[in-house]
Structures are given as C-alpha cells and as structure tokens.
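In: Need coordinates for the following:
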Amino acid sequence: MSRHINPQAQLTRLGIAALALTLVAGCSSNPVDAPPPTIEPARAADSPPVTAAPSGVVWPMAGAAQAAVFDAATASLLVLSPGPDGSAVTVVAESGAQRPVELADPATAIAGDDDGRAYLSTRGGYYRLDIATADVTKVEVEGREGVDFTAIARRGDGRLVLGSADGTVYTLTSENTVGAQLKTFARVDALVTQGDTAVVLDRGQTSVTSLNADGTKSEHALRAGEGATMMAADGAGRVLVTDTRGGELLVYGVNPLILRQRYPVPDAPYAVAGSRDDDGLAWVAQTATNTVVGYDLSTGIPVEKVRYRTVQQPNSLAFDDASGTLYVVSGAGAGVQVITGAAK
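Out: Numbers count the residues shown, from 1 in each chain. Below is the predicted model of the structure:
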C-alpha cells in the first residue's frame, strides 16, 4: 500500500535528524563554545473562523492574550496581554467581572502560587502582583538589569526560577539574588516545576530538560517530538508537553525525567493545562479546529473523555479544580470561554 509523504513534514523530520546528529558530533568537539543547534520553532495554527457556537459562555475581553493562569486562593483567572505601554494583567472574577492591572514594561510569562500572588517575567527581573489588592512591585534581579527574561516558575520551596532569551536559567535564593545559573539552552521558552525540580522547554531544540535542585546542572534532557511548543505541570507529578508540529501529547515523569506517554493529537495541538487533582484530566487545545479535548491519563495511555468547541484561536487554557471550570482564552481577541463542569 502506497503512502503519501508530505514534503514539508519530510524536510522537518530530516532537519530534526540532522539536529540530533549534530548534537552527538558536538559532544566530541567543543560543546561548551558551540551554540546549540536549533530548528525553526513550531507555533500554533492560525485558527479558522468559528462556525458554531462555542461550548459554555464567552466573556468579551479586548486584546490578544499571551498566557493565563488560575489562582485558587482568590478564585480568579489572570490573563496576560499587551497593554497600552507595557503589558496588562486582567483579573477575572468568578462572576465575570474584570479588573485590568497595568504593567509599565512588557511581561513575557506568568506564574502563580495559588496563594493570591502572581509573578511575571520582564527585562531585568519580574513583577510581583498581589491579586486581591492589585498592588504591583517590580523586582530587579541583582546584576541582571539587561537580561531579557522569557520564562518564570515557582518551586515548591518558594524559590523563583527565571529563564532568558539567551538560554540561561537563573535560580534565585532571595527575591532578587541569583543563587545559581546554567547556560546550556538556545532559549528558555517555558519553565514549570514539580516540587523543587525545574523543567525547561526549548522550542528551537524541541527539547525538555530537568535541572538538579541546586539549579547548577542539567539532570536529564530529552528530545520532545518534532516541534514542542507549550508545557504544563499537573497534580500527579507529570509534565505535559504539546508537540504542535508532530501532532502529539507528550507526558513526562520527573526525578528522573522520562517520557511515559505519547499520544497522537491532530490539528495543531498547542495550549495545555493539567488538573491539580491526581485523577484530573489533561486539557489540550487544537488550534487548527478551535477544539479543546480532555484526556484521562490514569490508565497509562491518554483516553479522550470530553471534547468542546472553542472560541477562535484557543491559545491559552486554565482549569479551576474547585469548581471544575475550564477557561479557554483566545489569542485573537475573541474573549474568555467558560465551561463549567468541564470534566463531566
């Protein structure tokens, strides 16, 4: 039986194979001085217009969202988007009421602590936001005023981890002091943590890497499909990664970092979110079809449980375990979709 091969996909696979060979060859020459070999990072599909009503309700929100997180302490959704001068964080209450908080400088990523605070990476440091009061404090990281921070996460011990555009990971020992730094990536595109283990996503290398607790070295590094783009941690100790170019959901365990599950997800999977409950679903948005799917991971292979129509360009997801509400945030200005009882 003949099989049609997509020329672009074949070229991409050849590029990834060449990247892997270059990495192996580089180990025997000069791996410290040579920049990491990369491929063109994957990205979300340009979603088509919505032709049917999205599931649940949709709250209007101006602007194209960059990221979203849910804070359990205040029962609030936080949406990061470009602002008039820098960036804006819109705090969305359970009622749908919205309160914008302006940031003077552009923010690149957002992380929460589920205790009423959010942290947003920016050039030279990060912003700390008190969600209830909307008080914002900019924290300059000592000696790193010119660093373009691109990712941020909070460890179980409360220490912040920051990633930069030049591929360095910084582990802080106080609110503004670097305790350790590790430069081994092309770029740090996303960070998540499980306990005190930080995991790095590098889209150009399409790789995931776990760090040791000190933040001084890489513990394990694994190739992540053909074009990994987004990453999330869940309450069962897993790290979830979408391989947008390869059309897969990748499920990793940590300590040690190991690929435990991989499952085909068509139509440009991009946004991903996990439940804080051990037995909760993993949520994946398919940007080519404006769809979100909930997968049960408990059996060792992802099993589709629910599927919903979404707003156009479902680039960000967040889940509230207490109410069972899934939030789908449009990257094209189509608002915030609220699906209550989503896992049922």
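In: Please make it C-alpha for all contacts and neighbour counts, starting now.
Out: Noted.
In: Next, the buried residues of the helix or strand harbouring Thr90.
Out: Here Thr90, judged by DSSP states H and E, is contained in strand 87-92. By neighbour count on 16 or more other C-alpha atoms under 10 Å, the buried set for strand 87-92 is 87-92.
In: How about stretch 171-191?
Out: Under 16+ other C-alpha under 10 Å, the buried positions of stretch 171-191 are 171-172, 175-176, 178, 181-191.
In: packing partners for the strand holding Thr90?
Out: strand 76-82, strand 98-103 (3 or more C-alpha pairs under 8 Å, 6 or more residues apart in numbering; DSSP states H and E).
In: partners of that strand in the sheet?
Out: strand 76-82 (antiparallel), strand 98-103 (antiparallel) (DSSP bridges).
In: now these as a markdown table including distance to Tyr295, mean neighbour count and mean pLDDT?
Out: Output for these, formatted as a markdown table (distance: least, C-alpha to C-alpha, whole Å; neighbours: other C-alpha atoms under 10 Å; pLDDT from 0 to 100):
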| stretch | distance to Tyr295 | mean neighbour count | mean pLDDT |
| --- | --- | --- | --- |
| strand 76-82 | 22 | 24 | 97 |
| strand 98-103 | 30 | 18 | 96 |
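In: of the ones you listed, which approaches Pro266 most closely?
Out: strand 76-82 (26.4 Å; C-alpha to C-alpha).
In: which residues touch that closest one?
Out: Applying C-alpha atoms under 8 Å, 6 or more residues apart in numbering, the contact partners of strand 76-82 are 63-71, 87-94, 106-107, 109-110, 318, 329.
In: Restrict the residues you listed to the buried ones and give me that as a ChimeraX selection.
Out: ChimeraX command restricting the contacts of strand 76-82 to the buried ones, with burial defined by 16+ other C-alpha under 10 Å:
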select :63,64,65,66,67,68,69,70,71,87,88,89,90,91,92,106,107,109,110,318,329
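In: bridging residues for the closest residue in space to Arg117 that isn't next to it in sequence?
Out: Excluding its sequence neighbours, the residue lying closest to Arg117 (C-alpha to C-alpha, 6 or more residues apart in numbering) is Asp130, at 4.9 Å. With DSSP bridges applied, Asp130 shows beta-bridge pairing to Arg117, Asp135.
In: Surely Asp130 and Tyr119 touch.
Out: No: contact between Asp130 and Tyr119 fails when scored by C-alpha atoms under 8 Å: they sit 9.2 Å apart.
In: These two: which has the busier surroundings?
Out: Tyr119 (24 against 15; other C-alpha atoms under 10 Å).
In: and that one, what helix or strand is that in?
Out: Counting by DSSP H and E, Tyr119 is part of strand 117-122.
In: Just the mean pLDDT for that strand, thanks.
Out: The pLDDT scores in strand 117-122 average 98.
In: same question, stretch 256-263
Out: The model assigns stretch 256-263 a mean pLDDT of 97.
In: where along the chain do the helices fall?
Out: Taking DSSP state H as the criterion, the chain contains helices spanning 7-27.
In: Might you list the low-confidence residue ranges for it?
Out: Within the chain, the segments meeting pLDDT under 70 span 1-35.
In: rerun that using 80 as the cut-off
Out: 1-36 (pLDDT under 80).
In: what about Gly333, neighbour count?
Out: For Gly333, the count of nearby residues is 17 (other C-alpha under 10 Å).
In: Return the backbone torsion pair for it.
Out: phi 80, psi 20 (degrees, to the nearest 10).
In: what sits against it?
Out: 61-65.
In: Distance of the spatially closest residue to Glu226 that is not a sequence neighbour relative to Ile258?
Out: Nearest residue to Glu226, sequence neighbours excluded (C-alpha to C-alpha, 6+ apart): Gly246, at 5.0 Å. For Gly246, the distance to Ile258 equals 19 Å [C-alpha to C-alpha, to the nearest Å].
In: Of those two, give the one with the bigger neighbour count.
Out: Higher neighbour count among Gly246 and Ile258: Gly246, with 22 against 17, using other C-alpha under 10 Å.
In: Do I have it right that the more buried one meets Ala224?
Out: No: the pair Gly246 / Ala224 is not scored as a contact, 9.5 Å apart, by C-alpha under 8 Å.
In: re earlier: which one of the buried residues of strand 87-92 sits closest to Asp279?
Out: Val92 (26.5 Å).
In: List the residues that contact that closest one.
Out: Val92 neighbours (C-alpha under 8 Å, 6+ apart): 76-79, 98-99.
In: ditto for Glu140
Out: Shown in contact with Glu140 (C-alpha under 8 Å, 6+ apart): 124-126, 176.
In: Using CSV, please lay out those residues together with distance to Arg154.
Out: CSV is the format used below for these (distance: C-alpha to C-alpha, whole Å):
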residue, distance to Arg154
Gly124, 17
Gly125, 14
Tyr126, 12
Asn176, 14
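In: Just the closest of the contacts of Val92 to Asp196, please.
Out: The closest of the contacts of Val92, once distances to Asp196 are taken by C-alpha to C-alpha, is Leu78, at 23.9 Å.
In: Okay, the closest one and Ala134: tell me how far apart.
Out: For Leu78, the distance to Ala134 - C-alpha to C-alpha - is 11 Å.
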